[in-house]
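Participant: Got a predicted structure here, sequence first:
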Amino acid sequence: MDATQSWFVTKMEEGGAALSSLQLEQFETYYRLLVEWNERMNLTGITERDAVYEKHFYDSASLSFFVPMNDMNRLADIGSGAGFPSIPLAICFPHLQVTIVDSLNKRITFLKHLVEALGLPHIDCVHGRAEDMARMGEHRDSYDLVTARAVARLNVLNEFCLPFVKKGGIFAAMKGSQSTEEVDEARFSLRELKGKIKASHQLSLPYEQSERHIVLIEKTDATPRKYPRKAGTPIKQPLV
């Protein structure tokens, strides 16, 4: 175990997630493939190894510090990009049944290759728009936990993600900065989409010390039939 893996293991253990040698190998394979494929397609602007472990792997897996992952079975990751946060979470908690939704087919191609290389059989990578996928019966109101690690504002993320969450389930919005104004702005979308804020958590990355915020939203009832609106509308006309 080298210095990067050592601090990563220590910090994950402090958060309650012990990692095996196999899981460490999976993270190292993830890093190698991420950098390799990044030379052919734009997956991430972060490629230095220690930074990938901190800003992608640790940042993604830190959700488990605030959500009881062992109680979760089905997870949907919306707009996953290069697999964050769902694949680090699936490495740490291999019992999870994961659906990754991304609108860019070449990213899905990478993710399918990655999942096979990591030996994670319970991950389904789906090419499609969240607004379209959420209207399908197998996805609608179906997931224990839905994640989005995105820069979109909360009122937009709510419409993308809450339709996937089952009643009593959780949508975790993982964000860099967070403002009271943004949460206030999201109140109408929460009412419309049957969600309520359960908790809000703040943490700092262990070395860079940049802030992260995780907003946990509980689904209180089934999604009304009119949501989500057609693809593209939530971004162009956010619920306010």
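Facilitator: Sure, I can see it.
Participant: where does this protein have its least confident helix or strand?
Facilitator: Between all helices and strands in the chain, the lowest mean by mean pLDDT, DSSP states H and E belongs to helix 180-185, at a mean of 86.
Participant: Okay, buried residues for that one please.
Facilitator: Neighbour-count burial for helix 180-185 flags 182, 183, 185 (criterion: 16 or more other CB atoms under 10 Å). Where you see a C-beta, it was placed from the backbone N, CA and C, and this is true even at glycine.
Participant: which helices and strands does that helix pack with?
Facilitator: On a contact count with 3 or more CB pairs under 8 Å, 6 or more residues apart in numbering; DSSP states H and E, helix 180-185 meets helix 154-161.
Participant: counting contacts, what elements does the helix it packs on pack onto?
Facilitator: Counting by 3+ CB pairs under 8 Å, 6+ apart, helix 154-161 packs on strand 74-78, helix 130-133, strand 143-149, strand 165-175, helix 180-185, helix 187-193, helix 233-236.
Participant: of the ones you listed, which approaches residue 107 most closely?
Facilitator: strand 74-78 (11.8 Å; CB to CB).
Participant: any idea of the mean pLDDT in the closest one?
Facilitator: For strand 74-78, mean pLDDT rounds to 98.
Participant: List the strands paired with that strand, with their directions.
Facilitator: Applying DSSP bridges to the sheet, strand 74-78 is found paired with strand 97-102 (parallel), strand 143-149 (parallel).
Participant: Redo those strands as TSV? Include mean pLDDT and distance to residue 194.
Facilitator: Formatted as TSV, the strands paired with strand 74-78 follow (pLDDT from 0 to 100; distance: least, CB to CB, whole Å):
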stretch	mean pLDDT	distance to residue 194
strand 97-102	97	20
strand 143-149	97	13
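Participant: quick one, which of the ones you listed is packed in tightest?
Facilitator: Sort the strands paired with strand 74-78 by mean neighbour count, taking mean count of other CB atoms under 10 Å, and strand 143-149 sits at the top with a mean of 26.
Participant: about what we covered before: of the helices and strands packed on helix 154-161, which is nearest residue 57?
Facilitator: Nearest to residue 57 among the helices and strands packed on helix 154-161 is strand 143-149 (12.1 Å), distances taken as CB to CB.
Participant: Need the contact partners of the closest one.
Facilitator: The contact list for strand 143-149, computed with CB atoms under 8 Å, 6 or more residues apart in numbering, reads 59-60, 63, 67, 71-81, 84-86, 89, 99, 157, 160-162, 164-166, 169-174.
Participant: Could you identify the buried members of those?
Facilitator: 59-60, 63, 67, 72, 74-81, 84-86, 89, 99, 157, 160-162, 164-166, 169-174.
Participant: I'd like the strands paired with strand 74-78 as a markdown table, with distance to residue 118 appended.
Facilitator: Formatted as a markdown table, those follow (distance: least, CB to CB, whole Å):
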| stretch | distance to residue 118 |
| --- | --- |
| strand 97-102 | 12 |
| strand 143-149 | 18 |
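Participant: among the helices and strands packed on helix 154-161, which is nearest residue 42?
Facilitator: strand 143-149 (16.6 Å).
Participant: can you pull the contacts of residue 92?
Facilitator: Contacts for residue 92 (CB under 8 Å, 6+ apart) come out as 12, 17, 19, 23, 61, 64, 69.
Participant: cutoff 6 Å now
Facilitator: 17, 61 (CB atoms under 6 Å, 6 or more residues apart in numbering).
Participant: quick one: it and residue 100, what's the gap?
Facilitator: Look at residue 92 and residue 100: by CB to CB, to the nearest Å, they are 16 Å apart.
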